[in-house]
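J.: how would this look folded up:
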Amino acid sequence: MNLKKPKFWDQKKPNFYAYLLYPLAFFVNLFNLIKKRNVGKKLNVKTICVGNIYIGGTGKTSLSIKINNILKKNKIKSCFIKKFYENQMDEQNLLKKEGKVFISEKRLDALNQAQTEGFEVAIFDDGLQDKTIDYDLRLVCFNNLNWIGNGMTIPAGPLREKIDNLKDYKHIFLNGNLENLEDLENQILKINPQIMIHIGKYEPKNIDEFSKTDKYLVFSGIGNHRTFVSMIKNYGLDVVREIEFSDHYKFKKSDIDRILHIAEKLNCKIITTEKDFLRLNRPELNKIKFIKSELKILDEEKLIKAII
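T.: Residues are numbered from 1 along each chain as shown. The predicted structure is shown next:
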C-alpha cells in the first residue's frame, strides 16, 4: 500500500484536522513515555543509530552511507543494520551497494549476527525509537525544508515523538540544501543548548551527464522530493514538470506510461533519483536517467570525532 502523508502535516501551524486527531497523538506520546523505561541491550559491537523524529525524508540512508565510508577510510570494519520492511527494498539495495547489510525483523537479532561475524561497528539505518538496543551513539536527522512540519506527533502531525525530546539527544543532523539554517539552529539550541549540530547538503555526482539546454520532467517517490528538485534547479537544470509519489512508492506500468506520455508531450527528458530508479523494471528504462547524489558534510572533522 502506497500512502501519501497528509498535506496538513507540513503546514507551519496545526489546522482543524490536526486538532481533531490530537487525542490519538496523546496516546502515541504516552506510549513513547512508557518505552523510555525499557533498558536496551549492549553488545561488544559499537552501535551508531541514524534515525529521525520526523517521519521519512530526513536523509538517514545517505548519512548512514557517509558514516560507513568514514569508518572504512579509518580501517574500521563496519556494517549496516536494517529492519526488514517489504516496501523498503530500495534502501536495502542502496546499502548493499556500499557494504555488508544485516536485515532482520528484529534489529537485535541482526546485531547479534554482526557481532558473530566480527564487525567492530554497526550502523543502524533507522531505529531511534527501538528501545531494545542501548546505542553508543544516536544521530537524529531532520530535513531543513520540512523541519518538524506542524510540530505535532502522529497521526496529528509528522513526528514520531515530541520535539521537546531533543533534550535527550547529543547529536542532531540537518541536511538538505542549507535552507533556514540560522532559524533552525536557534530553535534547536533553545530546546537543548548542549546538543552538537551537524550540517550537510546534497550534491549531484553525475550532473555533467545532463545538458542545461534541455528541459526536464522530474519524478520521485522519496520522502524529501522538494529537496531533490531544489538541488537539481540549483545546478541550473530547467525543470518544467515535477511529479511526486509517496515515499517508497511501488511504481505501476500505468505510472511509467503516464510519465513517458507527459515527457513526450512536453518534449523533455526524464530524471529521477537513484533510489527510485532501482525500483523500476521496465523496457523503457533507457528513456529515464537518474541523478546520483552524495551527502557532503560541512564540518566532517566534527562528525569524525563523534563516531570514532
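J.: any idea how far the closest residue to Ile308 other than its chain neighbours lies from Lys4?
T.: Spatial nearest neighbour of Ile308, excluding adjacent residues (Cβ to Cβ, 6 or more residues apart in numbering): Asn74 at 6.1 Å. Just so you know, the C-beta spots here come from the backbone N, C-alpha and C atoms, and that holds for glycine as well. From Asn74 across to Lys4, the span is 40 Å (Cβ to Cβ, to the nearest Å).
J.: now Asn286
T.: 29 Å.
J.: try Ile259
T.: To Lys4, Ile259 is 17 Å away according to Cβ to Cβ.
J.: which one of the two is surrounded by more residues?
T.: The residue with more neighbours, out of Ile259 and Lys4, is Ile259; 20 against 11, by other Cβ atoms under 10 Å.
J.: just to check, the more buried one is in contact with Lys269?
T.: No - in this structure, Ile259 is not within contact of Lys269 by Cβ atoms under 8 Å, at 11.4 Å.
J.: now the common contact residues for these two.
T.: Taking Cβ atoms under 8 Å, 6 or more residues apart in numbering as the criterion, Ile259 and Lys269 both touch Leu217.
J.: report the contact partners of Asn143.
T.: Counting by Cβ under 8 Å, 6+ apart, Asn143 touches Tyr54, Gly57, Thr58, Gly59, Leu174, Asn175, Gly176, Gly223, Asn224, Thr227.
J.: what's the lowest-pLDDT member of the residues you listed?
T.: The pLDDT minimum for the contacts of Asn143 sits at Gly176, where the score is 82.
J.: show me the contacts for the spatially most central residue of the chain.
T.: Note on the chain: the residue nearest the mean C-alpha position is Gly59, at 3.0 Å, using Cα atoms, centre = their mean. Contacts for Gly59 (Cβ under 8 Å, 6+ apart) come out as Cys141, Asn143, Phe173, Asn175, Gly176, Gly200, Tyr202, Asn224, Leu295.
J.: now Ile288
T.: Contacts for Ile288 (Cβ under 8 Å, 6+ apart) come out as Ile256, Ile259, Ile270, Ile271, Thr272, Phe277, Leu280.
J.: now do Glu117
T.: Cys79, Lys100.
J.: and it, backbone torsions?
T.: Phi and psi for Glu117, reported as degrees, to the nearest 10, are phi -90, psi 10.
J.: can you tell me how far it sits from Asn224?
T.: Glu117 is 33 Å from Asn224, where distance means Cβ to Cβ.
J.: so Asn175 is in which element?
T.: Remark: Asn175 resides in strand 171-176, with elements defined by DSSP states H and E.
J.: next SSE downstream of that strand?
T.: Next helix or strand after strand 171-176 toward the C-terminus (DSSP H and E): helix 181-191.
J.: could you give the mean pLDDT of that following helix?
T.: 95.
J.: relative to strand 171-176, how tilted is that helix?
T.: Here helix 181-191 points in a direction 160 degrees away from that of strand 171-176 (axes from the mean of the first three to the mean of the last three Cα atoms, to 10 degrees).
J.: average pLDDT for the next helix or strand after helix 181-191?
T.: The first helix or strand that comes after helix 181-191 along the chain, using DSSP H and E, is strand 196-204. In this model, strand 196-204 carries a mean pLDDT of 95.
J.: next one: stretch 245-254
T.: For stretch 245-254, the per-residue pLDDT averages 91.
J.: same question for stretch 266-276.
T.: Stretch 266-276 comes out with an average pLDDT of 95.
J.: neighbouring contacts of that stretch?
T.: 61, 90-91, 94, 210, 214-222, 228, 232, 237, 240-241, 249, 251, 259-260, 263, 280, 287-293.
J.: how about the strands in this protein?
T.: Secondary structure of the chain (DSSP state E): strands located at 46-52, 78-83, 101-104, 121-125, 137-143, 171-176, 196-204, 215-220, 238-244, 269-273, 288-291, 293-297.
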